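> coords please:
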Amino acid sequence: MSPVLDRRQLLRGATLGGGALALGSAWPLWAQDGSAGIAAPLPIVSGDAITLTIGHVMRQVDGRMAHAIGINGSSPAPLIRLREGQRARITVVNTLDEATSLHWHGLLLPFQMDGVPGVSFPGIAARSSFTYDFPVIQSGSYWYHSHSGLQEQEGLYGPIVIDPKGADPVAFDREHVIVLSDHSFRHPHMIFDRLKKEPGYFNRQRQTLAGLLAGRDQSAGTRAMWGAMRMDPADVADVTGSTYTYLVNGHGPTDNWTGLFTPGERVRLRFINASAMTTFNVRIPGLAMTIVAADGLNVQPVAIDEFQFGPAETYDAIVVPDDLRAYTVVGESIDRSGMARATLAPRVGMAAAVPPLRPRPLATMKDMGMDHGGGDDMAGMDHAAMGHAPAPAADHAMGAMDMRDFSNAPEVRKGPGVQTISPMPVDRTGEPGQGLADAGHRVLTYRDLVALERNPDTRAPDREVRLHLTGNMERYMWGFDGEKLSENPDPIALLHGERVRVTLINDTMMGHPIHLHGHFFDLVTGKGDHAPRKHTVLVQPGGTVSWDVTGEEGDWAFHCHMLYHMHAGMMRVVQVRRAEAAA
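Okay, the predicted model is just below:
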């Protein structure tokens, strides 16, 4: 069954027995002296006519008061609960002194209701309102957020759950929505300004002389060569735990948000990555997960212990805790500079051990798009040929590689926004994600995903569109094919009903979650007519991803869902027209 949790269920769960675990000295300092647990669910709005009022709010994060932009007095915004087959009429009242918007992430709807200012509608002016009106034609776990400026980072986001009109193919007894996000007490424009001036400012985990003397991380020779290329292998996240507090449903690690269960129940966890900039590694030590949905759509069950997901992705997992003990839900940032933490327990007040942060990953040659099968030994590379400062001479076969060779990417425009071109990018959809190759347990990959039902369009693509994800970290410039949105690149033109293969090539050393509005696309991972269908895909550094999509009429935003990457220009417009209109 698919119940909406109510107060009676929470009270019944709170009466269950079970001893509380004391916070021991082995806990990380930031997880000590926390609250006894917060079990309050997010506020819920539902029905055919919903009113959402956007305004300034104050919220408490780990005991500190912080400003946010929220909805109906709450940040995160309320959970919107809809049912497949209904018509949603959502009136948004903007009480701010600036324009705003709401985008319904992953929902299939008329493009005029998609909520992207300057692309699909004008936006919602200050002190005005707008009514979104669209049919609900799907079910699953989704979310919504502002598409205006940097308001999303200020707290303007919330979850959506759409119940199926028929029987849910996923059986469960209880559910919890788990919204992961990142919060900074700095204003987002201050963060962006800092990134433009000093892109590595928030990276406090660089390699050190002490680490070299202790035999940690890269060898001296390899460090020298990375330095000659002006690249930092520890730079795997732009904004880190040095300024971020990682949240679960708006609560910090010491707040200890708690989801209740009765032992033996099948508990559905709806994980939503609503962060602005953070790729999370999610695990529940001691409790296996079974993935049953990706980006809101059902998949054949996959048993795992951990998964990595980028901003804007969602996964639904089933867990079956069978004893009277607590479990820690860990959402570790990809660079291991901090974690979101929550608890699953039979009653409020229980807690389990919080694992320490694992050693942070370092980027490798494969992340630079140079997968020559030799690990990360760079001793033989000709750095003069690579377009960087000279390095020690060597005669390795890799010496001919040039990371500024635009003949490898004829689609890319030369300019200051392109720091590198991947010489040998490879499909990495069969890999668990950056930093998880040696996790020692089952980690989800895109190639593990198989759609539960046959894909609605199984035609072969008519043509291919290739797009390079480009950037210059030293200037904090991001774009597609070397162009920023502000440079007015031509729209990506498709025909309504046309079947197109899109291949993304990541020429940067950072993963990018790429989102196409108004569409689901079928990942090309060898699953045929049961290919996993997603609206957002995390393209690993130095990697490629291909997917097939059927054009839906409208003007649609297409962008990296790292908020500051999009703000810096990593966005395009996909323009889909009917053949008669395009002629």
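
> just checking, next helix/strand downstream of the lengthiest strand in the chain?
As assigned by DSSP state E, the longest strand anywhere in the chain is strand 49-61. The element immediately downstream of strand 49-61 (helix or strand, assigned by DSSP states H and E) is strand 64-71.

> Export stretch 455-468 to CSV, keeping only CA atoms.
Provided in CSV are the C-alpha atoms of stretch 455-468 (Å, rounded to 0.1, in the frame of the first residue of the first chain):
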residue,chain,number,x,y,z
ASN,A,455,10.0,2.1,-23.4
PRO,A,456,7.2,4.1,-25.1
ASP,A,457,9.3,4.9,-28.1
THR,A,458,11.7,2.2,-29.3
ARG,A,459,12.6,3.6,-32.7
ALA,A,460,16.2,4.0,-33.7
PRO,A,461,17.4,7.6,-33.8
ASP,A,462,17.2,9.5,-37.0
ARG,A,463,20.4,11.5,-36.3
GLU,A,464,22.9,12.4,-33.6
VAL,A,465,23.6,15.6,-31.8
ARG,A,466,27.0,15.8,-30.1
LEU,A,467,27.7,18.4,-27.4
HIS,A,468,30.8,19.0,-25.4
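
> Show me what counts as buried in it.
Residues 455, 461, 465-468 are the ones in stretch 455-468 that count as buried (16 or more other Cβ atoms under 10 Å). Quick note: C-beta positions are derived from backbone N, CA and C, even for glycine.

> And stretch 118-126, by the same measure?
Quick answer for stretch 118-126 (16+ other Cβ under 10 Å): 119-121, 123-124.

> Name the residues that touch it?
Contacts with stretch 118-126, where a contact means Cβ atoms under 8 Å, 6 or more residues apart in numbering, come from 54, 92, 94, 96-102, 111-115, 117, 130, 148, 517, 554-557, 573.

> repeat that with 6 Å
With Cβ atoms under 6 Å, 6 or more residues apart in numbering as the test, stretch 118-126 has contacts from 92, 94, 96-101, 111-112, 114, 117, 130, 555, 557, 573.

> Do me a favour and get the end-to-end distance for stretch 272-289?
One end of stretch 272-289 sits 15 Å from the other (Cα to Cα, to the nearest Å).

> same deal with stretch 98-112?
21 Å.

> which of the residues in stretch 131-143 are buried?
Buried-residue list, stretch 131-143, by 16+ other Cβ under 10 Å: 132, 134, 136, 138-143.

> Out of those residues, name the ones that lie in strands.
Using DSSP E, the buried residues of stretch 131-143 in strands are 132, 134, 140-143.

> how about TSV for the buried residues of stretch 118-126, with secondary structure and distance to residue 200 added?
Formatted as TSV, the buried residues of stretch 118-126 follow (DSSP: H, G, I helix; E, B strand; the rest coil; distance: Cβ to Cβ, whole Å):
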residue	secondary structure	distance to residue 200
119	coil	32
120	coil	36
121	strand	37
123	coil	34
124	strand	36
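
> What is the nearest of those to residue 266?
residue 120 (38.9 Å; Cβ to Cβ).

> thinking again about what came up before, tell me the mean pLDDT for the longest strand of the chain?
Here strand 49-61 scores 97 as its mean pLDDT.

> And for stretch 198-210?
Rounded mean pLDDT across stretch 198-210 is 75.

> can you give me the end-to-end distance of stretch 177-197?
Between where stretch 177-197 begins and where it ends, there is a gap of 37 Å, by Cα to Cα.

> May I see the buried residues of it?
177-184, 188, 191-192, 194-195.

> do the same with stretch 247-257
Neighbour-count burial for stretch 247-257 [16+ other Cβ under 10 Å]: 247-257.

> Among the residues you listed, which one sits closest to residue 71?
Using Cβ to Cβ, the buried residues of stretch 247-257 come closest to residue 71 at residue 250, 12.0 Å.

> For the closest residue to residue 462 other than its chain neighbours, give me phi and psi.
Sequence neighbours aside, residue 499 is the residue nearest to residue 462 in space, at 5.4 Å (criterion: Cβ to Cβ, 6 or more residues apart in numbering). Backbone dihedrals for residue 499, given as degrees, to the nearest 10, come out at phi -100, psi 120.

> from the buried residues of stretch 177-197, which ones fall inside strands?
177-184.

> hang on, residue 315 in a strand?
Yes: counting by DSSP: H, G, I helix; E, B strand; the rest coil, residue 315 is found in a strand.

> Just confirm it contacts residue 271, I think it does.
Yes: using Cβ atoms under 6 Å as the test, residue 315 is close enough to residue 271 to be in contact (4.9 Å).

> quick one on the thing from earlier: what is the nearest of the buried residues of stretch 455-468 to residue 361?
residue 468 (23.9 Å).

> Where does pLDDT dip in the chain?
For the chain, the stretches with pLDDT under 70 are 1-36, 206-215, 217-231, 233-234, 365, 371-404, 582-583.

> coming back round to it: buried among the contacts of stretch 118-126? Make that a PyMOL selection.
If you want just the buried ones from these in PyMOL, going by 16+ other Cβ under 10 Å, the selection is:
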select buried, resi 92+94+96+99+100+101+111+114+117+130+555+557+573
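
> that older thread, mind putting the ones in strands among the buried residues of stretch 131-143 in CSV, distance to residue 170 included?
What follows is these, written out as CSV (distance: Cβ to Cβ, whole Å):
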residue, distance to residue 170
132, 28
134, 25
140, 10
141, 11
142, 16
143, 19
